[in-house]
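Peer 1: Give the three-dimensional model of this entry:
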Amino acid sequence: MIQYNNVFNNPNIKCISQGGQYFIYEHQEDLSVSPYSAETAYFMKKMNVKKRQVLVQLNNTATKIQAGAMQWMSGNVNMDSGVTGVGNFFGKMVKGAVTGESAAKPIYSGQGFLMLEPTFNFLLIEDLSAWGAGIVLDDGLFLACDSHIQESIVKRNSLTAAAFGGEGLFNLSLSGQGYCVLESPVPREELFEFNLENDVLKIDGNMAIAWSSTLEFTVEKATKSLLGSAVAKEGFVNVYRGTGKVLMAPTLPGTGLSNWNGPEQTTATK
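Peer 2: Coordinates of the predicted model:
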């Protein structure tokens, strides 16, 4: 039997989210600072730059995580590499290369606890039942999921998506019943959620971090003519058609604030 001291009862570590067997813990401030890093740590706390970790509570269940993400585990927990042979490993390497994920995702099963490495990214727990047939992820978002969730690679219909859409030619898709954990570049409070029902959503840039696999994704001109696009200062847009959900990160760096083209400003007074 293991006694956990200053782990779950640590006043500096707060559980901020839970879904299925996953718990998100957030370190409220960095206490291990030196005189040379104290100023940086102070402003990091003020600006919500905090370390976050995923705790998986296994109860005769299993989870699949990014390779190298495990920090510690306790109890009767076993690890399987998730690779069944040379051919299987080669196939996983190809999938990982095109989606930004690790080549193999080890599976941890049994009864106990599994803590993942801390990250400054924002962590999202998603229930796949809310995404219909499945969820398509932007590159590098996957962190963990229930072991029975199926992975597949979604290929764009044309090279246009890779050339102009910024989403890449291949994306990782997860399907099945259960939960997954994503590493988001922005917190959930800043994410826009669009629920489409036989409708169309157009986004200027690769700000969608996840979308339902039932949606058709294409890249199209913002207007019907090149002249119209030039006048409106809009080129190609990412288009999502059908019925499903889209998560969009409107506050990603480079989303227009640096070269804002809003209404002209004037200093004239009446």
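Peer 1: For the helix or strand hosting residue 74, give me every contacting residue.
Peer 2: Here residue 74, judged by DSSP states H and E, is contained in strand 70-80. With C-beta atoms under 8 Å, 6 or more residues apart in numbering as the test, strand 70-80 has contacts from 2, 4, 53, 58, 106-118. Glycine gets a C-beta too; all of them are placed from N, C-alpha and C.
Peer 1: neighbouring strands for that strand, and are they parallel or not?
Peer 2: Note on strand 70-80: by DSSP bridges, its sheet partners are strand 107-116 (antiparallel).
Peer 1: Run through the neighbouring helices and strands of the helix or strand following the partner strand.
Peer 2: The helix or strand immediately downstream of strand 107-116 is strand 122-127, counting by DSSP H and E. Here strand 122-127 touches strand 13-19, strand 22-27, strand 52-65, strand 179-184, going by 3 or more C-beta pairs under 8 Å, 6 or more residues apart in numbering; DSSP states H and E.
Peer 1: how about these in a markdown table, adding distance to residue 132 and mean pLDDT?
Peer 2: Below are the helices and strands packed on strand 122-127 laid out as a markdown table (distance: least, C-beta to C-beta, whole Å; pLDDT from 0 to 100):
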| stretch | distance to residue 132 | mean pLDDT |
| --- | --- | --- |
| strand 13-19 | 17 | 97 |
| strand 22-27 | 21 | 98 |
| strand 52-65 | 21 | 98 |
| strand 179-184 | 14 | 97 |
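Peer 1: ranking those strands by burial, who's on top?
Peer 2: strand 179-184 (a mean of 22; mean count of other C-beta atoms under 10 Å).
Peer 1: Residue ranges in the stretch 1-150 of the chain under the pLDDT threshold?
Peer 2: Across the stretch 1-150 of the chain, the ranges flagged by pLDDT under 70 are 82-103.
Peer 1: Same question for the stretch 151-270 of the chain.
Peer 2: Short version for the stretch 151-270 of the chain, where the test is pLDDT under 70: 156-168, 223-234, 253-270.
Peer 1: all helices for it, in order.
Peer 2: Along the stretch 151-270 of the chain, counting by DSSP state H, counting those that start in this stretch, helices occupy 160, 226-232.
Peer 1: neighbours around residue 193, how many?
Peer 2: 10 (other C-beta atoms under 10 Å).
Peer 1: i'd like the first residue to be 836 from this point on
Peer 2: Will do, 836 is the new start, and the previous item becomes residue 1028.
Peer 1: ok, and the closest non-adjacent residue to it?
Peer 2: Excluding its sequence neighbours, the residue lying closest to residue 1028 (C-beta to C-beta, 6 or more residues apart in numbering) is residue 1082, at 5.9 Å.
Peer 1: Might one say that the one you found is in contact with residue 1042?
Peer 2: No - with contact defined as C-beta atoms under 8 Å, residue 1082 does not reach residue 1042; the gap is 9.6 Å.
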